[in-house]
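Undergrad: prediction below, plus the sequence it came from.
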Amino acid sequence: MTAPEPKVVRVTAPAKLNLYLHVVGKRADGYHLLDSLIAFAGIHDVLDVRHASRDFTVEVIGEFAASVPADEDNLVLRAARALAEEYRLEHGAHITLNKRLPPASGMGGGSADAAATLKALTGLWNLDPRGDQLLELALQLGADVPACLMGRAAFMGGIGEELVPAPTLPPAWVVLVNPGVEVPTPAVFGARSGPFSQGARFSEAPADAARLAELLAERRNDLTDAAVAIAPEVGLVLAALETCPGNLLARMTGSGATCFGIFPDVGAATQATMSLARSHPGWWVKVASLENDTGKLG
Ligand code: C5P
């Protein structure tokens with residue numbers, strides 16, 4: 001008789017988008033207070049998590065493997081260790097991270113991977129976390145980790161820990177463009193200047209992509225100017241997206257450098273993707289659905 005296959009839990013870590021991001025204040029510890037609408041895109045990293053007797057190890061594969069160190073700073077390892085400590089478990093795990101999204105790019109990246117690790121290990125170890133236990137652990141790993149853990153469209157407040165479900169977003173497509181420049185989040189927050197913005201939440205569930213774009217056009221990503229000052233390519237990406245036929249709105253996500261264009265249909269979005277990839281061979285360009293709820297993604 002052959003031994004049973006060791007159990008593997010596969011989870012996805014979808015790209016997070018800040019549909020708008022207002023910086024509304026600053027805490028004494030230097031963290032910024034935000035008002036942001038978070039949604040997700042149907043494109044993701046993939047994590048496979050297996051039992052291991054003691055230690056935690058991570059192997060990074062995929063298109064962007066080279067940019068992610070598999071050392072102690074890796075957020076996936078930190079998430080795994082934090083969860084084991086929280087439950088005083090002696091288990092280890094081996095995690096394979098298929099890095100398909102560009103790192104340090106405003107799409108959640110390491111935060112999404114950390115949140116996915118918490119989910120996968122909760123399943124692998126049959127844990128039953130109480131209420132906010134995982135969210136509290138998530139916040140210690142990074143300001144975006146709770147939103148990625150919640151995995152559904154939400155208004156984000158505080159530094160990232162206050163999450164309120166958003167109205168249902170309409171079917172829409174996004175074209176994601178990263179110019180291949182990594183912009184460190186602390187540098188972008190540090191370079192932001194000017195007065196703080198007001199919160200700008202809305203209660204309407206936009207009827208279609210055009211209405212969503214109208215609502216977002218009245219809002220901004222307050223980190224855009226700072227990101228452009230550090231990486232002028234961000235300005236080129238926004239301008240290129242704005243010229244694509246069918247594009248309703250172009251914005252940067254998070255602290256950049258990835259930007260997204262919103263499109264009402266997959267045909268126009270695919271055309272734009274092909275045309276941008278052709279005109280800018282050095283850019284990472286992908287088409288994806290806009291998602292309300294990552295629980296429905298594969
Ligand atoms: O929490 P995370 O590691 O994702 O944040 C990286 C850095 O970005 C922080 O150290 C801080 O400089 C900046 N940041 C901020 N305000 C936030 C989130 C991040 O100033 N709400």
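TA: That came in fine, so what should we check first? It should be emphasised that the depicted structure is a prediction, and the values quoted were computed from it without experimental measurement.

Undergrad: drop to CA atoms for contacts and neighbour counts, all remaining ones
TA: Noted.

Undergrad: show the average pLDDT along the longest helix anywhere in the chain.
TA: Looking across the chain with DSSP state H, the single longest helix is helix 109-124. What helix 109-124 shows for mean pLDDT is 95.

Undergrad: okay, that helix in CSV with CA atoms only?
TA: Taking Å, rounded to 0.1, in the frame of the first residue of the first chain, the C-alpha atoms of helix 109-124 are listed here in CSV:
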residue,chain,number,x,y,z
GLY,A,109,1.5,42.0,-2.7
GLY,A,110,3.1,40.8,0.5
SER,A,111,0.0,41.8,2.5
ALA,A,112,-2.2,39.6,0.3
ASP,A,113,0.2,36.7,0.6
ALA,A,114,0.3,37.1,4.4
ALA,A,115,-3.5,37.1,4.6
ALA,A,116,-3.6,34.0,2.3
THR,A,117,-1.1,32.3,4.6
LEU,A,118,-3.3,32.9,7.7
LYS,A,119,-6.3,31.5,5.8
ALA,A,120,-4.4,28.5,4.5
LEU,A,121,-2.9,27.5,7.9
THR,A,122,-6.2,28.1,9.7
GLY,A,123,-7.5,25.4,7.3
LEU,A,124,-4.5,23.1,7.5
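
Undergrad: show me which positions of it end up buried.
TA: By 16 or more other CA atoms under 10 Å, the buried positions in helix 109-124 come out as 109-122, 124.

Undergrad: closest to the ligand out of these?
TA: Closest to the ligand out of the buried residues of helix 109-124 is residue 111 (7.1 Å), distances taken as CA to the nearest ligand atom.

Undergrad: find the nearest non-adjacent residue to the closest one, please.
TA: Distances taken as CA to CA, 6 or more residues apart in numbering place residue 145 nearest to residue 111, at 4.7 Å, with adjacent residues excluded.

Undergrad: residues of the stretch 1-150 of the chain that sit close to the ligand?
TA: Residues of the stretch 1-150 of the chain that fall close to the ligand, judged by CA under 6 Å from any ligand atom: 30-33, 142-144.

Undergrad: top of the residues you listed by neighbour count?
TA: With neighbours set by other CA atoms under 10 Å, the maximum within those is found at residue 144, which has 25 neighbours.

Undergrad: just say helix, strand or coil for residue 37.
TA: Of the three states, residue 37 takes strand according to DSSP: H, G, I helix; E, B strand; the rest coil.

Undergrad: so what's the residue count around it?
TA: Residue 37 has 24 neighbouring residues, counting by other CA under 10 Å.

Undergrad: tell me the contacts of it?
TA: 18-21, 153-156, 166, 201 (CA atoms under 8 Å, 6 or more residues apart in numbering).

Undergrad: any of the residues you listed buried? List them.
TA: 18-21, 153-156, 166.

Undergrad: export those residues to a markdown table and tack on secondary structure and pLDDT?
TA: Formatted as a markdown table, those follow (DSSP: H, G, I helix; E, B strand; the rest coil; pLDDT from 0 to 100):
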| residue | secondary structure | pLDDT |
| --- | --- | --- |
| 18 | strand | 98 |
| 19 | strand | 98 |
| 20 | strand | 98 |
| 21 | strand | 98 |
| 153 | coil | 98 |
| 154 | strand | 98 |
| 155 | strand | 98 |
| 156 | strand | 98 |
| 166 | coil | 98 |
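
Undergrad: distance to residue 100 added to these, as JSON lines?
TA: Below are those laid out as JSON lines (distance: CA to CA, whole Å):
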{"residue": "18", "distance to residue 100": "19"}
{"residue": "19", "distance to residue 100": "21"}
{"residue": "20", "distance to residue 100": "24"}
{"residue": "21", "distance to residue 100": "24"}
{"residue": "153", "distance to residue 100": "22"}
{"residue": "154", "distance to residue 100": "24"}
{"residue": "155", "distance to residue 100": "26"}
{"residue": "156", "distance to residue 100": "25"}
{"residue": "166", "distance to residue 100": "27"}
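
Undergrad: tell me if I'm right that residue 97 and residue 59 touch.
TA: Yes. In terms of CA atoms under 8 Å, residue 97 counts as a neighbour of residue 59; the distance is 6.2 Å.

Undergrad: neighbour-wise, which of the two wins?
TA: residue 97 (25 against 16).

Undergrad: what pLDDT does the nearest residue to residue 151 once chain neighbours are set aside get?
TA: Nearest non-adjacent residue to residue 151, counting by CA to CA, 6+ apart: residue 294, 5.3 Å away. Residue 294 carries a pLDDT value of 89.

Undergrad: done for today, thanks.
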